[in-house]
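Asks: fold the stuff below for me.
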Amino acid sequence: MTTAAPPQTTEPLVLQRTQGAVRVLTLNRPAQLNSFTAAMHAELRTALDAAAADASVRALILTGAGRGFCAGQDLNDGMGSSPGQVPDVGAVIEANYRPLAARLRAMPVPVIAAVNGVAAGAGANAALCCDMVIAARSASFIQAFSKIGLVPDCGGTWLLPRLVGRARALGLAMTGDKLPAEEAQRIGLIWACVDDAELMNAAMALAERLSTMPSKALAQTRRAIDAATTMAFDDAITLEADTQRELGRAHDFAEGVAAFLAKRAPVFKDR
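Replies: Numbering: from 1, shown residues only. As a prediction, this is how the structure comes out:
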């Protein structure tokens, strides 16, 4: 006699839902403030790849379940905590955080981080890898690395000085102090701070707006602006010309011009 296996009750570590042309991904370890494990990284990469490959998705929102966005790396997961074992934190970066940062910054559609609570360590920098960050007023950003003898990762050393300048970047990274969302908006670290109850409505409204815009041009805008931060001025203009040449041959440019001349709303399709 055989006994049926018990039903699987394990929830996904990344929840997915789609509203129109907007895909919403929710980190789903609320009891652990959505701290990253290797398993959650794997689910998130799969979900991001699926969104990138789905032509019907034209904007993406990344948020967290419960009272936090993401508390960074779960130090109980794969960090060499066994007695006598020397951890290889660099291997964790290469296996998980490098591909996460690269995937977020190479999405073919705009990506919005809806930060609903604390975003600490790699959680903060994963949010900053997104194109735009909207945070609840009660949310905060913490570069917690110095508190455990590390440096900012998940792209933090590159992102922070470009977003807020060297002085503030060093201050945030060295002190590890909590930065409230309103102050994060004031200094230009994030796009917007809104009342807690309005966070997802605001994120969805922005995502829906972006989803009607020319996705390919928006993704190329991200690429060109990022590339220009390390280019000479003349090289940046060359990149602009090359990018405009490519986009100028695409459907969306012709559609945008035709819609403008006809005084109608454009219907963009490139991605």
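Asks: in this structure, which helix or strand is least confident?
Replies: When each helix and strand of the chain is scored by mean pLDDT, DSSP states H and E, helix 89-92 comes last, with a mean of 93.
Asks: give the buried residues for it.
Replies: Using 16 or more other Cβ atoms under 10 Å as the test for burial, helix 89-92 gives 89, 92. Any C-beta I mention is one placed from the backbone N, CA and C, and that applies to glycine too.
Asks: for the helix or strand encompassing residue 234, packing partners?
Replies: Using DSSP states H and E, residue 234 sits in helix 233-248. For helix 233-248, the elements it packs on are helix 215-228, judged by 3 or more Cβ pairs under 8 Å, 6 or more residues apart in numbering; DSSP states H and E.
Asks: give me the residues contacting the helix it packs on.
Replies: Residues outside helix 215-228 that contact it (Cβ atoms under 8 Å, 6 or more residues apart in numbering): 58-59, 105, 107-110, 131, 210, 236, 239-240, 243, 246-247, 250, 252-253, 268, 270-271.
Asks: just the buried residues out of these, in ChimeraX syntax.
Replies: Of the contacts of helix 215-228, the buried ones go into a single ChimeraX selection, burial set by 16+ other Cβ under 10 Å:
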select :58,59,105,107,108,109,110,131,210,236,239,243,247,250,252,253,268,270,271
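Asks: can you flag which of the contacts of helix 215-228 belong to strands?
Replies: residue 59 (DSSP state E).
Asks: what segments of this structure are helices?
Replies: 38-53, 89-92, 98-105, 122-129, 156-164, 166-175, 181-186, 199-211, 215-228, 233-248, 251-262 (DSSP state H).
Asks: count of neighbours near residue 245?
Replies: If you count neighbours by other Cβ atoms under 10 Å, residue 245 ends up with 9.
Asks: and it, how far from residue 238?
Replies: According to Cβ to Cβ, to the nearest Å, residue 245 and residue 238 sit 11 Å apart.
Asks: look up how far residue 103 lies from the closest residue to residue 133 other than its chain neighbours.
Replies: Once flanking residues are discounted, residue 133 sits nearest to residue 190: 3.9 Å by Cβ to Cβ, 6 or more residues apart in numbering. Remark: distance between residue 190 and residue 103 (Cβ to Cβ) = 20 Å.
Asks: out of those two, which sits in the busier spot?
Replies: Taking neighbours as other Cβ under 10 Å, residue 190 and residue 103 compare with residue 190 leading, 26 against 17.
Asks: my guess is the more buried one contacts residue 114, does it?
Replies: No - in terms of Cβ atoms under 8 Å, residue 190 does not count as a neighbour of residue 114; the distance is 10.9 Å.
Asks: run a quick neighbour tally on residue 183.
Replies: 14.
Asks: and if you look at the one 5 residues further on?
Replies: The burial metric for residue 188, expressed as a neighbour count using other Cβ under 10 Å, is 11.
Asks: just residue 157 next, same as before
Replies: 14.
Asks: which residues touch it?
Replies: Residue 157 neighbours (Cβ under 8 Å, 6+ apart): 151, 173.
Asks: from residue 194, how far off is it?
Replies: 28 Å.
Asks: check residue 177 too.
Replies: From residue 177 to residue 194 the distance is 23 Å (Cβ to Cβ).
Asks: those two - which one has more neighbours?
Replies: Neighbour count, other Cβ under 10 Å: between residue 177 and residue 194, residue 194 has more, with 19 against 14.
Asks: so the more buried one sits against residue 136, correct?
Replies: Yes - counting by Cβ under 8 Å, residue 194 does reach residue 136; the two are 6.8 Å apart.
Asks: care to break the chain down by domain?
Replies: 14-211, 215-262 (automatic domain parsing).
Asks: which of those domains sits most buried?
Replies: A comparison of the domains of the chain by mean neighbour count, using mean count of other Cβ atoms under 10 Å, puts domain 14-211 on top with a mean of 19.
Asks: output the below-cut-off pLDDT ranges for the protein.
Replies: 1-9, 78-84 (pLDDT under 70).
Asks: let's see that with 90 instead.
Replies: 1-10, 77-87 (pLDDT under 90).
Asks: need the residue closest to the centroid of it.
Replies: When Cα atoms, centre = their mean is applied to the chain, the residue found nearest the centroid is residue 130 (3.0 Å).
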